[in-house]
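*Asks:* After the sequence you'll find the predicted model.
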Amino acid sequence: MILKRCIVPKSADSCTTLIDMLPGQTGTITEIDHGHGLVRKLCVMGIIPGKKVMKISQILVGGPIVIRIDDHDLALGRGIASRIKVKIEK
Amino acid sequence: MKKVVLAGNPNVGKSVFFTRLSGIYAVSSNYPGTTVEISRSQISRDGVKFELIDAPGTYALEADAEAERIAGKLIDEADIVVNVIDAGNLERNLYLTFELLEKKKPMVIALNMWDEVQRRGVKIDIPTLSKILGIPVIPVVATTGEGMKQLLQDLDHARIPIVEPSSHQERWHEIGQVIQAVQSFSYKKPTWVDRLKEATLLPFSGFLIGLGVLYGVFWVVRFIGEGLINYILDPIFYRLYYPLLLSLDRYLTFSPFLRTILIGHLVDGKIDFEQSLGLLSTGIYVELGVVLPYIISFYFILGLLEDTGYLPRLAVLLDGFFHRVGLHGYAIVPTLLGLGCNVPGIMSTRILESKTERFIISVLISIAVPCASQQALIFGVLGKHGTMPVMLVYFILLLVWIILGVILKYTVKGYRPALILEIPPYRFPYWKTLLPKLWLRVKGFLKEALPVVSLGILAVNLLFMTNLFPYIAQIVGPFFQRFLGLPSEVSLVLVLGFLRKDIAMGLLAPLQLTVKQLIISSVMLAMFFPCVATFMVILKELGAKKLIQGTIIMLFASTLTGLILNLVL
């Protein structure tokens, strides 16, 4: 059900990925669309659906995405970031 | 003797915690059959001895990663588990705690960085936390030692918790409830310091600050390294050690063979620390007089970058760039080290996760990253012809680094883990943790590199006694003349370059080469065989098969570059 909502974005409160989020925006993780191993790896670090996330920065030349979860910063490669879906807060 | 195992997430100050309890008497060794390093030490409290073991930092135990598997094994063997937690990051740290609780070992929790939490205005209700988890919880500040005595006392009160195994979701749900019960925030507005901290991770300001830091690192490493050489080590070697060697040399006249092995060949009737090739002359000098000072200065700066928390930020900033050659941002560490000396550069590739990455960066370092002594001689040979030729050599090497890197990325198959990197908050470095760490690293280098490099120098010395080197030079000489536009004498210099690059560069000077010939020879010398010390370290770190592969790549790349330069320049 969550998946469907994310595939068809609806205007303002649309679902997007960490890549398309703008630096400074906050949102809630809705879904992590990835293989079991990586989902687990993210899970044990506290990156799970339902968490609030703020995008801090997107490093140049194809560099990683920097996000803030629970008041702590994390860097994620673009491949992973593109598969983490987020509902942006207004 | 009871085994006490320290377990915790990465970046919770676990190694500082360990050093605090053990002092500098820790022993680090690889876990049998792996590259994961484990520190052990014996501590005593009130006459009772404990064996303290520092498990690798992990986020979980059940996993496929080598470090996590080993952490799990160590905990299974433990009598008491001390779970070190970053109090400022309680929620995420509790995930591992819940997994540890399920191991049903007597356990205590050390709530580390307690001072930082209070500064940030986070309140944690310790009695309630202890009651919910059913084990003692002790607030500590490992960097200053606060609370550590209490923790040692409370090892006796370690209790086996009662918990039911649960799934990921259930665990996070339980953790959420615990957090609600024990933790409360008082919101603080971000200050200009917070903004400055953030600027180091923003696209433009981050790069500018990063460049500044890299430049500073480079400058300070050379400053400390050269200072140690000029004012401490060279005086010791030339004033104290040299007379000692001379008397030994006189004593050894009864056995010319032993004399050649230990002291080496005389150069112009004197013992030459760089060219004599004896175990006690060149062997000792190269390692302690040339390499060691840069090891000390680099590891000091590296420790500082780690302890302040800048290193992960640098890795994040450079990740995109290194990604293009199939590496991660952390590859900046071996690359920087390699510019000082290739030996520690290759040893430090251990911080990279996969074997594929280690191979790629080792090949790139040994071929296209000139060490300090190579650079000194690039300047020495080409400097008098102006800045342009020197810059050109650096530019060519950089180009080789990039092209070779891209080729390796697409040809070397293997596992390259995706980047998920925690960025710890900035912290103030402490001497009491910085210096023991420096000492452990320098000790590790001496213990591991000294024997291999000595063995290498012995081997080269024995080869030197045969006529092998001039023979090889004779065979490849015509090729040099025809395709590289270099006189055949250069081939001998290149072959000798295997011993020490700087010697070889020095031999170029009397050959009266043109600027073009000098550029081609110095580029090829830099790319050609790494010095014997680097060679031996690659053999030790990556094995014979990888060394042979690397050597083939090196021969091919350096010859091709020489050919192209001869046509283009």
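*Replies:* Right, received. Where do you want to start? Keep in mind the model is a prediction, meaning the values are calculated, not measured.

*Asks:* what does the stretch 301-450 of chain B put close to chain A?
*Replies:* Counting by Cβ under 8 Å from any Cβ of the partner chain, the residues of the stretch 301-450 of chain B close to chain A are B:312, B:316-321, B:323-324, B:329, B:418-423, B:425. For glycine as for every other residue, the C-beta is placed from the backbone atoms N, C-alpha and C.

*Asks:* can you do 10 Å?
*Replies:* Contact residues (Cβ under 10 Å from any Cβ of the partner chain) of the stretch 301-450 of chain B with chain A: B:312-313, B:315-324, B:328-329, B:417-425.

*Asks:* How about the stretch 151-300 of chain B?
*Replies:* Checking the stretch 151-300 of chain B against chain A by Cβ under 10 Å from any Cβ, the hits are B:168-169, B:171-172, B:175-176, B:179, B:185, B:197-207.

*Asks:* at 6 Å what do you get?
*Replies:* In this structure, the stretch 151-300 of chain B approaches chain A at residues B:His168, B:Leu201, B:Leu202, B:Pro203, judged by Cβ under 6 Å from any Cβ of the partner chain.

*Asks:* Please check the residues you listed and keep the buried ones.
*Replies:* When these are checked for burial by 16 or more other Cβ atoms under 10 Å in any protein chain shown, the buried set is B:Leu201, B:Leu202.

*Asks:* What ranges does chain A have for its strands?
*Replies:* Under the criterion DSSP state E, strands of chain A are mapped to A:15-17, A:26-32, A:52-58, A:65-69, A:72-76, A:84-88.

*Asks:* So which of these is nearest B:Gln481?
*Replies:* When the strands of chain A are ranked by proximity to B:Gln481, the top entry is strand A:72-76, at 52.4 Å, counting by Cβ to Cβ.

*Asks:* ok, whatever residue of chain B ends up closest to chain A - contacts?
*Replies:* Closest approach between chain B and chain A, counting by Cβ to the nearest Cβ: B:Gly320, at 3.1 Å. The contact partners of B:Gly320, by Cβ atoms under 6 Å, 6 or more residues apart in numbering or on different chains, come to A:Ile59, A:Val61, A:Gly62, A:Gly63.

*Asks:* for the first one, what are its contacts?
*Replies:* Residues in contact with A:Ile59, defined by Cβ under 6 Å, 6+ apart, are B:Leu317, B:Gly320.

*Asks:* Let's see the pLDDT reported for it.
*Replies:* The per-residue pLDDT reported for A:Ile59 equals 89.

*Asks:* Dihedrals phi and psi, it?
*Replies:* In this entry, A:Ile59 is assigned phi and psi values of phi -70, psi 140 (degrees, to the nearest 10).

*Asks:* hmm, back to that, can I get the buried part of the residues of the stretch 301-450 of chain B next to chain A as one ChimeraX selection?
*Replies:* Of these, the buried ones go into a single ChimeraX selection, burial set by 16+ other Cβ under 10 Å:
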select /B:312,313,315,316,317,318,319,320,321,322,323,328,329,418,419,420,421,422,423,424,425
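
*Asks:* just checking, which of the residues of the stretch 301-450 of chain B next to chain A belong to helices?
*Replies:* Helix and strand membership here follows DSSP state H; of these, those in helices are B:Pro312, B:Arg313, B:Ala315, B:Val316, B:Leu317, B:Leu318, B:Asp319, B:Gly320, B:Phe321, B:Phe322, B:His323.

*Asks:* Who are the contact partners of the first one?
*Replies:* Residues near B:Pro312 by Cβ under 6 Å, 6+ apart: B:Leu421, B:Ile423.

*Asks:* Please identify the residue most distant from the middle of the chain.
*Replies:* Chain wasn't specified; assuming chain A. Relative to the centre of chain A, and counting by Cα atoms, centre = their mean, the farthest-placed residue is A:Val61 at 19.8 Å.

*Asks:* if I look at it, how far off is A:Ala75?
*Replies:* Counting by Cβ to Cβ, to the nearest Å, the gap between A:Val61 and A:Ala75 amounts to 14 Å.

*Asks:* do the same with B:Ile132
*Replies:* As defined by Cβ to Cβ, B:Ile132 lies at a distance of 32 Å from A:Ala75.

*Asks:* quick one on the thing from earlier: if I look at the residue farthest from the centre of chain A, how far off is B:Glu66?
*Replies:* 31 Å.

*Asks:* Identify each buried residue in the helix or strand B:Leu547 falls within, please.
*Replies:* Per DSSP states H and E: B:Leu547 is located in helix B:544-568. Buried residues in helix B:544-568, counted by 16+ other Cβ under 10 Å: B:546-547, B:550-551, B:553-554, B:557-559, B:561-562, B:565-566.

*Asks:* what does stretch B:133-153 give?
*Replies:* Judged by neighbour count (16+ other Cβ under 10 Å), stretch B:133-153 contains these buried residues: B:133, B:135-143, B:147-148, B:151-152.

*Asks:* When you compare pLDDT across those, which one is lowest?
*Replies:* Going through the buried residues of stretch B:133-153 one by one, the lowest pLDDT turns up at B:Thr143, 85.

*Asks:* Okay, strands next: where are they in the stretch 51-200 of chain B?
*Replies:* Taking DSSP state E, counting those that start in this stretch as the criterion, the stretch 51-200 of chain B carries its strands at B:80-86, B:107-112, B:122-124, B:137-139, B:183-185.

*Asks:* Out of these, indicate the one that is most buried.
*Replies:* Neighbour counts (mean count of other Cβ atoms under 10 Å in any protein chain shown) averaged over each of these peak at strand B:107-112, with a mean of 26.

*Asks:* now that one: how far from the chain's centre is it?
*Replies:* With Cα atoms, centre = their mean, to the nearest Å as the basis, the distance from the averaged C-alpha position of strand B:107-112 to the chain average is 30 Å.

*Asks:* With stretch B:77-93 instead?
*Replies:* For stretch B:77-93, the gap between its own C-alpha mean and the chain's C-alpha mean amounts to 27 Å (Cα atoms, centre = their mean).

*Asks:* Please apply the same query to stretch B:418-434.
*Replies:* Its chain's average C-alpha position is 16 Å from that of stretch B:418-434, according to Cα atoms, centre = their mean.

*Asks:* May I have it exported as CSV, CA atoms only?
*Replies:* Output of stretch B:418-434 as CSV, limited to C-alpha atoms (Å, rounded to 0.1, in the frame of the first residue of the first chain):
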residue,chain,number,x,y,z
ALA,B,418,28.0,0.6,-1.0
LEU,B,419,28.8,3.7,1.1
ILE,B,420,27.0,4.0,4.4
LEU,B,421,29.1,6.1,6.7
GLU,B,422,28.4,7.6,10.1
ILE,B,423,29.7,11.1,10.6
PRO,B,424,30.5,11.6,14.3
PRO,B,425,30.1,15.1,15.9
TYR,B,426,33.3,17.2,16.1
ARG,B,427,35.2,16.5,19.3
PHE,B,428,38.2,18.0,21.1
PRO,B,429,41.3,15.8,20.8
TYR,B,430,43.0,14.7,24.0
TRP,B,431,46.8,14.1,24.4
LYS,B,432,46.1,11.2,26.7
THR,B,433,44.4,9.3,23.9
LEU,B,434,46.3,10.7,20.9
